[in-house]
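**Student:** Starting from these lines, generate the structure:
(chains A and B)
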Protein chains: 2
Amino acid sequence: MVDAAQGAQTEFKGKVLALSGGVGGAKLCRGLAASLSVEQLTILANTGDDFDYWDLRICPDLDSVMYALADLNDEERGWGLRDETWRTLIAMRRLGGDEWFQIGDQDLATHVLRTQLLHAGHSLSAVTKQIINGLGIRHSLLPMTEQPVATKVNTDQGWLDFQQYFVRDKCQPEVRELYFEGADAAVLNPQVRQLLEDEDLAAIVVCPSNPFVSIDPILSLADCRSLLKHSAAPLIAVSPIIAGRAVKGPAAKMMRELDMPATALAVAEYYGDLLDGYVLDEADVEYADAIVAMGIKVCVAPTLMTTLDSKIALAESVLNFAASIKA
Amino acid sequence: MVDAAQGAQTEFKGKVLALSGGVGGAKLCRGLAASLSVEQLTILANTGDDFDYWDLRICPDLDSVMYALADLNDEERGWGLRDETWRTLIAMRRLGGDEWFQIGDQDLATHVLRTQLLHAGHSLSAVTKQIINGLGIRHSLLPMTEQPVATKVNTDQGWLDFQQYFVRDKCQPEVRELYFEGADAAVLNPQVRQLLEDEDLAAIVVCPSNPFVSIDPILSLADCRSLLKHSAAPLIAVSPIIAGRAVKGPAAKMMRELDMPATALAVAEYYGDLLDGYVLDEADVEYADAIVAMGIKVCVAPTLMTTLDSKIALAESVLNFAASIKA
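**Tutor:** Numbers count the residues shown, from 1 in each chain, chains lettered A, B, ... in the order given. Here you go, the predicted structure:
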């Protein structure tokens, strides 16, 4: 067990692959981007949440990560862009269009341009690259796959598309089962497949994202789990649960509905033998021994990221922890 | 020759079909909508200017007319919506997307919804109806055809798409020829074809729009010219030229480039035997005799529409003139 506070902030050597969902993951990605060079960091984002709305292609997790990396995200609202306005949405309401998913005026440019470039035949990776270039982001941000994968949620109200469950129905239905439509035919992003075989890869970081709807879609891609497992780089997950609660989103509620205790320990058990290391919040130090007993190294650190400093501090803790495991 | 000032504002009997382009036409349509009931007025708008931008379907003339009818148009700028903002456009610029055509945030809702509904298989007429309903417009506004027609401009710089000529190149290229791609395969809106055979049709009004790029695309649709010519209702055009100048847009410049004098008389000659009546501005009274000599009745009226009152006054002049011709 490593105490993050004791780890000296040495410069991290080698490359890092971060697996991320939306908001929680994006916060750690922001910290990692501050700590790692453009050549070192690759972020792989879940695209199981992607959907079409207003006939535009919306990629919520890619957007959350890119807006966080560009320091344009709205921390208070928790999603979307800062200083956002809603003029198109209000006009759309007047015209009788859909309005259950809120798209801000600035955010809309992302979706319009993405849709236009996808229609023109560009890959989602290429489109994402153009958009993040425009936002001044130089680190690599990649969609988990170029193929469409759609997370479906089986609930007490039947099967729902993810955004119906998540946004329209505000996560109120009780979750019974998740299914990633298209995942078996989808291929892990080739740039990441290549990175997983790169001998300079020094850490794989599973961000504090929802294990079921943010990380599992990535893991469900053909070969992905075994490629991660057989990579020489240590795989470290950061717990998305602090003292039995998710910082944001339905992870804890979902765990209870899926008959798991809503604890940081249960998340570690869920990831199981994928893990080489696990980062626990200080509030959850009680679980450290049980996780160590599973053969997983443990790092205890403050994992609540409310400021840029706390994001960078957690990123440094994770990187020092990874370096200690690799050594 | 009828002097509009002498015409009593009697209530007009029967139905009216108005052919309109964008801004100038939209002003008269606003006046006609104030003077005529929902059952009486049908506006047929040019769609030759329509184009795809940001992968959205933009119909500038339909939009200009609907925004004017809803009293939402920006009179000062001359196009688009009042109290408009440009947040999406500015964000699009940052992302490196196209920005030569200016789409405001409220306006964008129109294009997004239209595109979505067209993709879903609805006709442009049906889509337009949903949008104008949302804007509270109850008069009929129809696209000239459901099929795509694209105005192409042959210039000293070669063939240009209409919006490239009109917006991107600010009408600076010298016009040599116009071509309405798709017009020969396009069918006049069936609701208008039916109206032209309706015995209650009491006037066809050609609004003061650009004859070459707003009215000609309508006239170029198969049968349209002969259907208009053989309708029992008098066809009356309002001159878009006042004292040798277009109020807005390139009509006068285009006339000179097409080797015509830029006069109200030349427009009457251009429409030729389609016309039963012609509305001249008071500044152009000198042409009245020449037009009457062509066998066309003439009404002289103030045609500059700077206020709602002046739009209604011109509409009343046109309607009284039509009634006098029919009687």
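
**Student:** Enumerate the residues of chain A near chain B.
**Tutor:** Residues of chain A lying close to chain B by C-beta under 8 Å from any C-beta of the partner chain are A:54-56, A:85, A:87-92, A:94-97, A:105-110, A:112-113, A:115-116, A:119, A:130-131, A:133-135. For glycine as for every other residue, the C-beta is placed from the backbone atoms N, C-alpha and C.

**Student:** Buried only: go through those residues for me.
**Tutor:** A:54-56, A:85, A:87-89, A:91-92, A:94-95, A:97, A:105-110, A:112-113, A:115-116, A:131, A:134-135 (16 or more other C-beta atoms under 10 Å in any protein chain shown).

**Student:** A helix includes A:A322, no?
**Tutor:** Yes. Membership of A:A322 in a helix is supported by DSSP: H, G, I helix; E, B strand; the rest coil.

**Student:** Settle this for me: it is touching A:I236, isn't it.
**Tutor:** Yes. Between A:A322 and A:I236 a contact is recorded at 5.5 Å, counting by C-beta atoms under 8 Å.

**Student:** So between those two, which is more surrounded?
**Tutor:** Legend: neighbour count by other C-beta atoms under 10 Å in any protein chain shown for A:A322 and A:I236, higher for A:A322 (26 against 23).

**Student:** residues near the residue nearest to the more buried one when sequence neighbours are not counted, how many?
**Tutor:** In this structure, A:A322 finds its nearest non-sequential neighbour in A:A203, 3.6 Å apart by C-beta to C-beta, 6 or more residues apart in numbering or on different chains. Number of residues near A:A203 (other C-beta under 10 Å) recorded here: 27.

**Student:** Would you mind naming the residues that bridge with A:A203?
**Tutor:** A:A203 forms beta bridges with A:V16, as assigned by DSSP bridges.

**Student:** Touching, it and A:L19? I think so.
**Tutor:** No. In this structure, A:A203 is not within contact of A:L19 by C-beta under 8 Å, at 11.3 Å.

**Student:** do you know how far A:R30 is from B:G136?
**Tutor:** Distance check for A:R30 against B:G136: by C-beta to C-beta, to the nearest Å, it reads 45 Å.

**Student:** Ignore what I typed, I meant A:A268.
**Tutor:** For A:A268, the distance to B:G136 - C-beta to C-beta - is 58 Å.

**Student:** Look at those two and report which has more neighbours.
**Tutor:** It is A:A268, of A:A268 and B:G136, that has more neighbours when counted by other C-beta under 10 Å, with 23 against 11.

**Student:** Now for that one: which residues touch it?
**Tutor:** A:A268 is in contact with A:A237, A:S239, A:L275, A:Y278, A:Y287, A:I291, A:M294, A:I296, counting by C-beta atoms under 8 Å, 6 or more residues apart in numbering or on different chains.

**Student:** in what helix or strand does it lie?
**Tutor:** helix A:264-271 (DSSP states H and E).

**Student:** Keeping just the C-alphas, turn that helix into CSV.
**Tutor:** Extracted C-alpha coordinates of helix A:264-271, given in CSV (Å, rounded to 0.1, in the frame of the first residue of the first chain):
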residue,chain,number,x,y,z
ALA,A,264,-15.1,1.2,-3.6
LEU,A,265,-14.3,-2.4,-2.7
ALA,A,266,-17.1,-3.7,-4.9
VAL,A,267,-15.8,-1.7,-7.9
ALA,A,268,-12.3,-3.3,-7.3
GLU,A,269,-14.0,-6.7,-7.2
TYR,A,270,-15.9,-5.9,-10.3
TYR,A,271,-12.8,-5.0,-12.3
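
**Student:** from the chain's centre, how far out does it sit?
**Tutor:** The chain centroid and the centroid of helix A:264-271 are separated by 17 Å, computed with C-alpha atoms, centre = their mean, to the nearest Å.

**Student:** ok, and what's touching the helix or strand sitting right after that helix along the chain?
**Tutor:** Next helix or strand after helix A:264-271 toward the C-terminus (DSSP H and E): strand A:277-281. Strand A:277-281 is contacted from outside by A:4, A:234-239, A:242-243, A:264, A:268, A:271, A:287-288, A:291, A:296-304, A:314, A:317-318, A:321-322, A:325, using C-beta under 8 Å, 6+ apart.

**Student:** which residues in the stretch 151-300 of chain A form strands?
**Tutor:** A:158-161, A:175-181, A:201-206, A:235-238, A:241-242, A:245-246, A:277-281, A:297-301 (DSSP state E, counting those that start in this stretch).

**Student:** Of those strands, which shows the lowest average pLDDT?
**Tutor:** Across the strands of the stretch 151-300 of chain A, strand A:245-246 has the smallest mean pLDDT, namely a mean of 92.

**Student:** contacting residues for the residue lying closest to A:V65 once chain neighbours are set aside?
**Tutor:** Spatial nearest neighbour of A:V65, chain neighbours left out: A:A26 (4.5 Å); criterion: C-beta to C-beta, 6+ apart. By C-beta under 8 Å, 6+ apart, the contact set of A:A26 is A:S20, A:D61, A:S64, A:V65, A:Y67, A:A68, A:L69, A:N73, A:C207.

**Student:** Mark which of those residues are part of helices, please.
**Tutor:** A:D61, A:S64, A:V65, A:Y67, A:A68, A:L69 (DSSP state H).

**Student:** I'd like the residues you listed as CSV, with pLDDT and neighbour count appended.
**Tutor:** As requested, the ones in helices among the contacts of A:A26 are exported to CSV (pLDDT from 0 to 100; neighbours: other C-beta atoms under 10 Å in any protein chain shown):
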residue, pLDDT, neighbour count
A:D61, 97, 25
A:S64, 97, 27
A:V65, 98, 34
A:Y67, 98, 24
A:A68, 98, 24
A:L69, 98, 24
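
**Student:** Grab the two from those that are most spread out in space.
**Tutor:** Farthest-apart pair in the ones in helices among the contacts of A:A26 is A:D61 and A:L69; separation 12.5 Å (C-beta to C-beta).

**Student:** Can you pull out the low-pLDDT segments for the stretch 101-250 of chain A?
**Tutor:** Within the stretch 101-250 of chain A, no stretch falls below the threshold (pLDDT under 70).

**Student:** returning to that earlier point: what's the closest of the contacts of A:A26 to chain B?
**Tutor:** Nearest to chain B, judged by C-beta to the nearest C-beta, of these is A:Y67 at 11.4 Å.

**Student:** number of nearby residues for the nearest residue to that closest one once chain neighbours are set aside?
**Tutor:** Leaving aside its chain neighbours, A:Y67 sits nearest to A:N73 (4.0 Å; criterion: C-beta to C-beta, 6+ apart). With neighbours defined by other C-beta under 10 Å, the count for A:N73 comes to 23.
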